[in-house]
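Undergrad: Next comes the sequence, and after it the predicted model I'd like to discuss.
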Amino acid sequence: ATRAEEFQFQSDVQRVMQIIINSLYKTKEIFLRELVSNAADAIEKSRFLGITDKNVLAGNPHFNITIEADKDARTLTIADSGIGMTKEDLQKNLGTIAKSGTADFLRALETSNDKNAVGLIGQFGCGFYASYLVADKVTVISKHPNDDQHIWESNAANAFTIVPDPAGNTLGRGTKIVLHLKDDATEYLEDVTLRSLVTKYSEFVPFPIYLHTRKTIEVDVPVEGEDKDTGTDAAKKPESDDEYVVIENEDKEETTKTRKVKKEVDDWEQLNTQKPLWLRSPSGVSDDDYNAFFKAFFREQEDPSAHIHFKGEGGSDFKALLYIPNKPAQSVTHMNPESGLRNIKLFVRRVFITDELIDFLPRWLSFIKGIIDSDDFPLNVSRETVQETKLLKQIKNKIVSKALQLIRQISRDDAKYKAFYDRFGGYLKLGVLDDSRHQTKLAKLLRYATTASTTDLTSLDDYVARMRKGQKAIYYLTGSDVAQLRKSPYLETLVQRGYEVLLMDDGLDEYVTQTMPSFDGVALKNVGKGTLEFGDEDDAAKAQEKDLADKYQPLTTWLTTLLKDHVDKTVISNRLTTSPCALVAPEMGWTGRMQSMMMLQKD
Ligand code: ADP
Ligand code: MG
């Protein structure tokens with residue numbers, strides 16, 4: 001037989017394994033979720049490739065995952081009829097970590113006291129190594145359509161071996177992972193434990209997961225001749241409760257007396273019997289169900305903050321289930337270009353197609369997670385061509401408008417909306433900035449502190465409804481802190497005249513107000529810039545202002561010269577009531593807030 005070849009793990013893998021082995025994580029149980037999800041990924045691949053390439057399915061026509069415990073050997077085996085791995089795949093996929101972000105994960109694990117951090121392992125592309133939470137040796141047997149069956153094995157030292165399977169291509173297609181359990185992990189040999197873990201983490205995996213069990217059935221054996229090995233199975237059992245039954249044997253035309261005996265037989269129990277949630281009728285699904293599904297499907301730790309489940313009809317038929325997570329994965333100001341990728345999973349009639357739709361949703365919706373299941377695409381649509389279709393654009397438009405509807409729905413509950421807005425408000429502003437099509441709808445969802453209330457935020461609609469008769473603009477002031485803004489001298493004359501001013505403390509508002517110069521036909525006016533004209537000044541006031549300007553002209557000229565490196569000009573103004581002076585930005589210039597933001601960006 002061929003000798004096993006030995007390979008070294010990549011150094012990152014060695015670090016991940018060391019951490020896993022040396023830790024007594026409470027979350028050990030997640031190994032099963034990771035292995036089942038890898039199995040499901042692999043089956044999805046074989047199913048997808050099988051649509052166009054019948055050879056892929058030749059080795060095994062079924063798609064399923066099996067779990068089998070062997071108490072005597074103390075092994076737990078997870079097998080799938082997925083795409084399998086070639087020798088090269090085994091070497092690469094189970095010896096290196098391909099995903100970026102592994103370094104971050106390692107740092108988090110090594111520095112944090114949060115033992116649950118390991119629960120995130122799947123998100124960092126090293127879920128397979130979670131096997132070593134419960135096993136001290138792992139054997140992977142795999143058959144890929146393009147290669148012979150190979151055996152990978154490692155006891156978590158720095159190396160692993162690969163050898164062609166001397167038993168031949170017994171799997172047909174797929175992968176079998178044998179975990180040689182550690183002394184303290186024998187609970188994972190118990191049916192009850194395995195059953196509850198699969199229900200907890202893998203209930204919605206779209207392929208059947210079978211647990212191997214033994215069940216006792218009653219079989220009939222002949223009383224005379226006591227042939228124990230009847231090969232009988234449950235289906236052949238006569239439907240009679242009598243202890244002795246008479247079976248007419250038609251061939252031999254003789255009567256045999258039989259007796260019932262109990263017999264243990266193999267049984268495969270399907271653990272995930274749930275129909276994919278998105279295909280069920282919303283009326284039969286509780287919020288708890290939706291939340292549990294979200295956590296299981298997207299491997300999230302926390303309940304989502306909202307969901308919407310709907311059907312698209314006319315033009316394109318599809319079902320969609322969208323979630324707003326508890327909080328965004330990234331702050332909007334530090335969003336990387338790939339954020340949002342993988343958040344939307346596209347299925348065609350329950351078959352997963354892709355979660356790599358580029359620019360499918362606008363950037364401001366990159367926090368939305370969801371499933372779209374279309375009835376219209378052909379099954380063999382490729383990930384690349386689906387992107388170009390008109391159908392996808394129709395779906396996209398519907399998704400965006402439903403997402404807006406969901407947010408509007410939340411906005412009707414003040415407390416709920418406040419929690420949402422604190423976390424996602426920035427994304428709505430991003431939408432105002434770069435989704436001109438939905439700008440107005442998004443602007444209606446913005447909320448601001450205001451001089452009209454010390455506690456509540458206001459919408460622009462409500463502001464406009466409260467405007468004084470003849471008021472020409474929506475007044476606002478920007479800065480870095482609402483409490484400070486409330487004390488600003490810029491507000492003095494406005495408040496005295498009975499005008500309401502919005503107080504904006506988010507840097508993004510500088511851009512929002514520039515991109516959206518008006519709302520509902522009313523101009524937005526920064527009270528910290530340029531001159532203020534209210535249109536309600538009477539002639540006497542104007543004359544008085546002019547007199548004062550003339551009278552103090554020597555002072556303003558002197559100040560302008562004195563401060564020539566710092567200010568454009570010094571003027572007598574109608575802005576202030578009690579403060580002696582204020583620095584005002586020119587109408588077309590940057591506000592103080594904007595200047596400090598630009599300075600920060602330069603560093
Ligand atoms: P991830 O699943 O995030 O890629 P894992 O560490 O869980 O990271 O798995 C690493 C890789 O190993 C997978 O991407 C896949 O290529 C391969 N792999 C793991 N399990 C299986 C399996 N059951 N069948 C086929 N390939 C697998
Ligand atoms: Mg994985």
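TA: That came through, no problem. Numbers count the residues shown, from 1 in each chain. Ligands and ions are numbered 1, 2, ... in the order given.
Undergrad: the strands in the stretch 401-550 of the chain, which residues?
TA: Using DSSP state E, counting those that start in this stretch, the strands found in the stretch 401-550 of the chain span residues 448-450, 453-458, 473-478, 501-504, 518-519, 522-526.
Undergrad: any idea which of those is most buried?
TA: strand 501-504 (a mean of 24; mean count of other C-beta atoms under 10 Å). All C-beta atoms are positioned from the backbone trio N, CA, C, and that covers glycine.
Undergrad: quick one on the thing from earlier: turn the strands of the stretch 401-550 of the chain into CSV, columns for mean pLDDT and distance to residue 185.
TA: CSV is the format used below for these (pLDDT from 0 to 100; distance: least, C-beta to C-beta, whole Å):
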stretch, mean pLDDT, distance to residue 185
strand 448-450, 97, 54
strand 453-458, 94, 52
strand 473-478, 95, 58
strand 501-504, 97, 55
strand 518-519, 96, 61
strand 522-526, 95, 63
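Undergrad: The residue of the stretch 501-603 of the chain found nearest ligand 2: what's it in contact with?
TA: Residue nearest to ligand 2 within the stretch 501-603 of the chain: residue 508 (35.9 Å; C-beta to the ion). Contact partners of residue 508, counting by C-beta atoms under 8 Å, 6 or more residues apart in numbering, are 332, 333, 426, 429, 430, 433.
Undergrad: try 7 Å this time
TA: 426, 429 (C-beta atoms under 7 Å, 6 or more residues apart in numbering).
Undergrad: That one and residue 63, how far apart?
TA: The spacing between residue 508 and residue 63, counted by C-beta to C-beta, to the nearest Å, is 47 Å.
Undergrad: Next: residue 20.
TA: 30 Å.
Undergrad: phi, psi of the residue of the chain found nearest ligand 2?
TA: Of all residues in the chain, the one sitting closest to ligand 2 is residue 127 (3.3 Å; C-beta to the ion). For residue 127, the backbone dihedrals (degrees, to the nearest 10) come out as phi -60, psi -30.
Undergrad: what about it, neighbour count?
TA: Applying other C-beta atoms under 10 Å, we find 21 residues neighbouring residue 127.
Undergrad: Quick one: residues contacting the residue nearest to it when sequence neighbours are not counted.
TA: With C-beta to C-beta, 6 or more residues apart in numbering as the criterion, residue 127 has its nearest non-adjacent residue at 3.4 Å, and that residue is residue 34. Shown in contact with residue 34 (C-beta under 7 Å, 6+ apart): 121, 122, 127, 128, 130.
Undergrad: Put together TSV for those residues, with pLDDT and secondary structure on each row.
TA: As requested, the contacts of residue 34 are exported to TSV (pLDDT from 0 to 100; DSSP: H, G, I helix; E, B strand; the rest coil):
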residue	pLDDT	secondary structure
121	74	helix
122	69	helix
127	87	helix
128	93	helix
130	90	helix
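Undergrad: Can you narrow those down to the ones near ligand 1?
TA: Contacts with ligand 1 within those, counted by C-beta under 6 Å from any ligand atom: 127, 128.
Undergrad: Give me the sheet partners of the longest strand anywhere in the chain and which way each runs.
TA: Longest strand of the chain, by residue count under DSSP state E: strand 254-270. Partners of strand 254-270 in the sheet, by DSSP bridges, are strand 209-222 (antiparallel), strand 244-249 (antiparallel).
Undergrad: could you give the mean pLDDT of the shortest one?
TA: In this case it means strand 244-249. Averaged over strand 244-249, pLDDT sits at 46.
Undergrad: Ok, the longest one next?
TA: Looking at strand 209-222 alone, the average pLDDT works out to 92.
Undergrad: next one: stretch 183-195
TA: Mean per-residue pLDDT for stretch 183-195: 96.
Undergrad: list the buried ones in it?
TA: Within stretch 183-195, the residues scored as buried using 16 or more other C-beta atoms under 10 Å are 185, 188, 189, 194.
Undergrad: out of those residues, which are inside strands?
TA: Among these, no member lies in strands (by DSSP E).
Undergrad: how deep is residue 510 tucked in, by neighbour count?
TA: 19.
Undergrad: Pull the contacting residues for it.
TA: By C-beta under 7 Å, 6+ apart, the neighbours of residue 510 are 478, 591, 593, 594, 597.
Undergrad: 10 Å instead, please
TA: Contact analysis of residue 510 by C-beta atoms under 10 Å, 6 or more residues apart in numbering lists 478, 504, 526, 590, 591, 593, 594, 595, 597, 598.
Undergrad: beta partners of the residue nearest to residue 451 when sequence neighbours are not counted?
TA: Take residue 451 and drop its neighbours on the chain: the residue closest to it by C-beta to C-beta, 6+ apart is residue 501, 4.7 Å away. Residue 501 has these beta-bridge partners by DSSP bridges: residue 475.
Undergrad: Give me the distance between residue 501 and ligand 1.
TA: Separation of residue 501 from ligand 1 (C-beta to the nearest ligand atom, to the nearest Å) stands at 51 Å.
Undergrad: again with residue 290
TA: 25 Å.
Undergrad: Many thanks, have a good one.
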